[in-house]
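model the following, please.
(one chain, ligands or ions: 1)
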Amino acid sequence: MKVTVLSGGVGGARFTRGLLAHLAESAPGSQITVIANTGDDMWLHGVRVCPDLDTLMYTLGGAVHEQQGWGRREESSRVSQDLAAYGVGWDWFTLGDLDLATHLARTQWLREGLSLTETTARLCERWRLADQGVRLLPMSDQPVETHVRVDDGLIHFEEWWVRHRAALPAREFVQVGLAQAEPAPGVLEAIGEADAVLLPPSNPVVSVGTILAVPGVRDALTTTPAPVVGISPIIGGAAVRGMAAECLATIGVAASAEAVARHYGRRATGGVLDGWLVDTADAEAAEKLAADGWRTAVTDTLMRDVPHTARIAATLLNLV
Ligand code: FO1
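Residues are numbered from 1 along each chain as shown. Down below sits the predicted model:
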């Protein structure tokens, strides 16, 4: 089975890990292409940091710091602390010592002229993602950075997200570089040739939304013969982690399972989705959507561990 996932960081990575566990049982030999948001990327201390690509790579490669959901386990931050002593960089954004190796390797290869797609493939060789049938693609090889318009100007998404914990009202999200961005090689084919395209419970605005905004991607989703199905990132009116609710408020979408579905839209009426999986807490949302012709399903969507997430992935694929 060929499955394509459009993913942000922690939530999308945890979902994809469960999907892999499910497919290893139900459809061995499946090929999974994960298209990652690169809007969180930044230059820091002269190295290129790609939070969502790295979170996916570490999670699927078995190296992620499980409680944090990002960064490496058994990590240290000696370099980061010493950089702070020099007063350089963002002291509120910790680059772990092992994580730095990833950024240094990536930066070296980018400087040698490799694309982000090629450097990502090289990094993933070490974590043997191909052994699991996984190909990790950036949404674009051109830089796209999400910046947030707050009252005193534009700041990088990570500053809003990590330094301010989204406490500053976000007036607007601006994807810098988006107009010049093209889908990375393989992205459109991965959407057009899949047996199923999945939207995991990543942030629908700054993660999945950014991927959909790359010129050509939304059209690929509305025209692919593959069914496109998603999981609500909102359970009972609140995001499970992260700040999806704050991000939705910025674009005027209510923080509800129903509102997010309608935001993505049904393919029959010009949107991108054929089906929508909601949590048991939002069963009435499924009923309202079904009344409008949506294909819906209801299950316990809280990804508490890999086996449970595998069951969630199975339920989502049954919507296909
Ligand atoms: N998140 C934090 O809350 N604090 C950090 O200091 C931090 C550092 C960091 C370094 C590298 C990296 O790849 C991710 C990092 N993150 C950190 C997570 C990151 O903010 C989020 O995972 C994504 O940007 C949102 O999906």
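
so what's the one residue in the chain that gets nearest to the ligand up against?
Closest approach between the chain and the ligand, counting by CB to the nearest ligand atom: Gly9, at 2.8 Å. C-betas here are computed from N, CA, C, even on glycine. For Gly9, the contact set (CB atoms under 8 Å, 6 or more residues apart in numbering) comprises Asn37, Asp40, Pro51, Asp52, Thr55, Leu56, Gly69, Trp70, Ser202, Ser207.

avg pLDDT for stretch 207-217?
Mean pLDDT, stretch 207-217: 98.

I should have written stretch 190-198 there, sorry.
The average pLDDT for stretch 190-198 rounds to 98.

with just CA atoms, put it into PDB.
Only the C-alpha atoms of stretch 190-198 are listed here, as PDB (Å, rounded to 0.1, in the frame of the first residue of the first chain):
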ATOM      1  CA  ALA A 190       3.500  11.200  -3.600                       C
ATOM      2  CA  ILE A 191       0.100  12.900  -3.400                       C
ATOM      3  CA  GLY A 192      -1.100  11.900  -6.900                       C
ATOM      4  CA  GLU A 193       0.100   8.200  -6.800                       C
ATOM      5  CA  ALA A 194      -0.900   7.300  -3.300                       C
ATOM      6  CA  ASP A 195      -3.500   4.700  -2.300                       C
ATOM      7  CA  ALA A 196      -4.400   7.100   0.600                       C
ATOM      8  CA  VAL A 197      -3.400  10.600   1.700                       C
ATOM      9  CA  LEU A 198      -3.600  11.200   5.400                       C
END
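
that stretch: which residues count as buried?
Buried residues in stretch 190-198, counted by 16 or more other CB atoms under 10 Å: Ala190, Ile191, Ala194, Asp195, Ala196, Val197, Leu198.

so the fourth one is in contact with Met1, correct?
This means Asp195. Yes. With contact defined as CB atoms under 8 Å, Asp195 reaches Met1; the gap is 5.1 Å.

just the helices in the stretch 201-320 of the chain please.
Secondary structure of the stretch 201-320 of the chain (DSSP state H, counting those that start in this stretch): helices located at 208-213, 217-223, 244-250, 257-264, 283-291, 306-318.

any idea which of these gets closest to His22?
His22 lies closest to helix 306-318 among the helices of the stretch 201-320 of the chain, at 4.0 Å (CB to CB).

just list what the closest one packs against, helices and strands only.
helix 10-26, strand 196-199, strand 228-231, strand 275-279, strand 295-299 (3 or more CB pairs under 8 Å, 6 or more residues apart in numbering; DSSP states H and E).

mind listing what's buried along it?
Those would be Thr309, Ala310, Ile312, Ala313, Ala314, Thr315, Leu316, Leu317, for helix 306-318 by 16+ other CB under 10 Å.

and the stretch 151-300 of the chain, which of its residues are near the ligand?
Glu158, Trp161, Val162 (CB under 6 Å from any ligand atom).

let's see that with 8 Å instead.
Phe157, Glu158, Trp161, Val162, Ser202, Asn203, Val206, Ser207, Gly242 (CB under 8 Å from any ligand atom).

looking at the residues you listed, point me to the pair that's furthest apart.
So, those by CB to CB: farthest apart are Val162 and Ser202, at 17.1 Å.

mind checking which of the two has more residues around it?
More neighbours surround Ser202 than the other of Val162 and Ser202, with 32 against 16 (other CB atoms under 10 Å).

and the pLDDT for Asn203?
Asn203 carries a pLDDT score of 97 in this model.

doesn't Gly11 make contact with it?
Yes. Asn203 lies in contact with Gly11 (CB under 8 Å); the separation is 7.5 Å.

the more surrounded of the two?
Neighbours per residue, other CB under 10 Å: of Asn203 and Gly11, the larger number sits with Asn203, 28 against 25.

what's near enough to touch that one?
Asn203 touches Gly8, Gly11, Gly209, Pro233, Ala239, Gly242, Met243, Ala244, Cys247, counting by CB under 8 Å, 6+ apart.
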